[in-house]
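Chemist: what's the 3D shape of this:
(chains A and B)
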Number of protein chains: 2
Amino acid sequence: MITARPTSRLREAVRPTTLIPVPLLTRRLGAEVLLASETLQYTGSFKFRAAYNVVSEVPQDLFITASSGNFGQALAYACSLVGKSCIIVMPGTSAQVKIDAVREYGGKVELLDLSLKSREQRVRELGAEHPEAYLASPYDDPLVIAGNSTLGEEILRARSTLDYVVAPVGGGGLASGIVSAICQSGRVVRVIGAEPLIANDAARSLRAGHIVRNEAEPQTIADGTRTLSLGKHNWEILKTGLQTIVEVPEDKIVEAVRLLFTLANLKAEPTGALSLAAVLTRPELFRDREVCCVISGANVDPAVYRSILEG
Amino acid sequence: MITARPTSRLREAVRPTTLIPVPLLTRRLGAEVLLASETLQYTGSFKFRAAYNVVSEVPQDLFITASSGNFGQALAYACSLVGKSCIIVMPGTSAQVKIDAVREYGGKVELLDLSLKSREQRVRELGAEHPEAYLASPYDDPLVIAGNSTLGEEILRARSTLDYVVAPVGGGGLASGIVSAICQSGRVVRVIGAEPLIANDAARSLRAGHIVRNEAEPQTIADGTRTLSLGKHNWEILKTGLQTIVEVPEDKIVEAVRLLFTLANLKAEPTGALSLAAVLTRPELFRDREVCCVISGANVDPAVYRSILEG
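Modeler: Below is the predicted model:
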């Protein structure tokens, strides 16, 4: 279990999560649904919590990371706030809106052809060129987990009667942050992971009892979970900290994005809708329970979003 | 000036407005922009504040109103919370999503062909059939203004250095509520109305010094402002309480909806984006000032929203 704890500086820098009770969703799902939306967090996703914690806690002035976008934006903005700089390695197939945003926040973008080289390889190369830099993992770092645990703290503070928190699982940084906050609180609230069925390495890892890796980045619409595997620090927390992982078919992800739009007035990216999609996929798990669904982010290409609304 | 004040019961029933600083908008507009979003309010718009105040303050058990949708949804939901009932007269051309929502909240919908009869006529007829009912105006009622003033109170409490609050103007219920809260606070914060150029009866009224009516409901994309004129109670407050009204071309409304989507991750209906559209229309008014834009609601047909994103 990690020991890093969020600092008060971090707690002041983040926007408090937006807690949204949605009567129409509650009625439709037969579960008391509370959304904890990070879509209005700085840079549009929970990743700002982790990024700010990393850049403000380590002494280095240059950061290098691989990110499909949200951690990149978050790191770029966090660096701009504390006067540091960063290089973000992104797949050439990343949503254009995410690439543009990293640049608008002042980050330097390195686009990568994933068929030639993995993100990790390119980060290592850049690290060799810039030995003074901090190689920042978007998820596999105690400082990242501590940053994300502030979200868990806020959810616990807001509701004393929660049964479940549901959070998307990619590299595992968000879920491990939430588990970590719950452990530190001593409260009994179960955490359920939501993972795309076609990117279910974390669910397979839980079954196998060790980290299982995807051979290539799975092409789920939930692009924030196109990771090869859980991080080691995250695994140490999640292997016992998760109640279970719901494996979500792609069509449920799309349905969840639409429901968030129509019933909750929330713009969510597909990864952000995974937790609600998990409730749609396994409604019997949640019936008559009080469930907090973490809506992790909202950075989605307008064209992708339009096609999702179109059905 | 009205004397009605919001009750503590009302303050507990509403969701606090969502205050969103948006660094990317601030940079783009050259003004310090804070959004006060009512898109996550119960029923998806600020109208719940007014509706709840009306149904909980008057003794009647049946309410009849004319509404293009948001006040109807709000009244239906407010009635369901306090065990009362309502009939909502809506134009047959209302967004389907608004009609469905009124019904889902338990309201009875009366669709109306506006070429045959005005909403006011039909409400009067229904009032004659149900003499026990309260004929609720969506804007022209001191209880509505007092309900909406809670939003002004929240904005004032959140920021001590605001220069401007910008709010959409249809019947004038929202703007007069905000002006009323500012007057009662004794603070000097100027309120600017945002009205579609093709539905500019309020701007013309300010110039004329008396209420000017549209001859027919103007077909602006901002369907929440398709009112014939300001209400009398609202006019009494707005004739001296508004700094000015910015008359917004339709294309700026569309641009504002898109900017809220891309830069603020906010789903807004066209009427909800009017205040930001006013800043886009008259940027010189706001340069280097601290401006709170009220995003009044988010209930928009998915098809309309898709076409707006498409450009």
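Chemist: only C-alpha atoms for contact and neighbour calcs from this point on.
Modeler: Will do.
Chemist: Could you tell me how far A:G173 is located from B:L114?
Modeler: A:G173 is 55 Å from B:L114, where distance means C-alpha to C-alpha, to the nearest Å.
Chemist: Please say which of the two ends up with more neighbours.
Modeler: For A:G173 versus B:L114, the count of surrounding residues by other C-alpha atoms under 10 Å in any protein chain shown is larger for A:G173: 32 against 15.
Chemist: That one contacts A:N234, correct?
Modeler: Yes: using C-alpha atoms under 8 Å, A:G173 makes contact with A:N234 at a distance of 6.1 Å.
Chemist: Please enumerate the shared neighbours of those two.
Modeler: Jointly contacting A:G173 and A:N234 under the rule C-alpha atoms under 8 Å, 6 or more residues apart in numbering or on different chains are A:139-140, A:145.
Chemist: can you put these in TSV and add distance to A:T17 and secondary structure?
Modeler: Formatted as TSV, these follow (distance: C-alpha to C-alpha, whole Å; DSSP: H, G, I helix; E, B strand; the rest coil):
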residue	distance to A:T17	secondary structure
A:Y139	19	coil
A:D140	23	coil
A:I145	17	helix
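Chemist: Just among those residues, which is most surrounded?
Modeler: Using other C-alpha under 10 Å as the neighbour test, those are led by A:I145, with 34 neighbours.
Chemist: which residues are contacting stretch A:51-65?
Modeler: Contacts of stretch A:51-65 (C-alpha under 8 Å, 6+ apart): A:6, A:10, A:13, A:71-72, A:74-75, A:78-79, A:82, A:84-89, A:123, A:126-127, A:132-138, A:143-144, A:146-147.
Chemist: Kindly indicate which of the shared contacts of A:G173 and A:N234 lies nearest B:D251.
Modeler: Each of these was checked against B:D251 using C-alpha to C-alpha; the closest is A:Y139, at 42.1 Å.
Chemist: Please report phi then psi for the closest one.
Modeler: Main-chain dihedrals, A:Y139, degrees, to the nearest 10: phi -140, psi -30.
Chemist: again with A:V102
Modeler: Dihedral angles (degrees, to the nearest 10) for A:V102: phi -60, psi -40.
Chemist: correct me, but it touches A:G72?
Modeler: Yes: A:V102 lies in contact with A:G72 (C-alpha under 8 Å); the separation is 6.1 Å.
Chemist: The two: which has the busier surroundings?
Modeler: Legend: neighbour count by other C-alpha under 10 Å for A:V102 and A:G72, higher for A:G72 (33 against 25).
Chemist: per-residue pLDDT, that one?
Modeler: The model reports A:G72 with a pLDDT of 94.
Chemist: Make sure I have this right: it is in a helix.
Modeler: Yes: A:G72 forms part of a helix when assessed by DSSP: H, G, I helix; E, B strand; the rest coil.
Chemist: domain assignment for chain A?
Modeler: Residue ranges for the domains of chain A, per automatic domain parsing: A:8-44+A:141-310, A:47-135.
Chemist: Tell me which of these sits most buried.
Modeler: Mean neighbour counts were compared across the domains of chain A using mean count of other C-alpha atoms under 10 Å in any protein chain shown; the top stretch is domain A:8-44+A:141-310, at a mean of 21.
Chemist: And chain B, is that one touching that?
Modeler: Yes: Domain A:8-44+A:141-310 comes into contact with chain B (C-alpha under 8 Å from any C-alpha of the partner chain), by way of A:18, A:20, A:22, A:39-40, A:42, A:44, A:261-262, A:264-267, A:298-299, A:302-303, A:306, A:309-310.
Chemist: so of the residues you listed, which ones are in strands?
Modeler: For these, the ones inside strands are A:18, A:20, with DSSP state E as the criterion.
Chemist: So which of the residues of domain A:8-44+A:141-310 next to chain B sit within helices?
Modeler: Those of the residues of domain A:8-44+A:141-310 next to chain B mapping onto helices are A:261-262, A:264, A:302-303, A:306, A:309-310, per DSSP state H.
Chemist: tell me which of these is nearest to chain B?
Modeler: A:R306 (5.5 Å; C-alpha to the nearest C-alpha).
Chemist: Quick check, A:S149 in contact with A:R11.
Modeler: No: look at A:S149 against A:R11 with C-alpha under 8 Å: they stay out of range, at 10.3 Å.
Chemist: on that earlier part again, so for B:R49, which of the domains of chain A sits nearest?
Modeler: B:R49 lies closest to domain A:8-44+A:141-310 among those, at 16.2 Å (C-alpha to C-alpha).
Chemist: if I look at the residue lying closest to A:N148 once chain neighbours are set aside, how far off is A:V246?
Modeler: Leaving aside its chain neighbours, A:N148 sits nearest to A:G177 (4.7 Å; criterion: C-alpha to C-alpha, 6 or more residues apart in numbering or on different chains). A:G177 sits 18 Å away from A:V246, going by C-alpha to C-alpha.
Chemist: where along the stretch 1-150 of chain A do the strands fall?
Modeler: With DSSP state E, counting those that start in this stretch applied, the stretch 1-150 of chain A shows strands at A:18-21, A:32-37, A:62-66, A:85-91, A:108-112, A:134-135, listed in chain order.
Chemist: got the angle for the fifth one vs strand A:62-66?
Modeler: Put simply, strand A:108-112 runs at 30 degrees to strand A:62-66, going by axes from the mean of the first three to the mean of the last three C-alpha atoms, to 10 degrees.
Chemist: what's the angle from strand A:108-112 to strand A:85-91?
Modeler: Angle of strand A:108-112 versus strand A:85-91, following the same axes, to 10 degrees, is 20 degrees.
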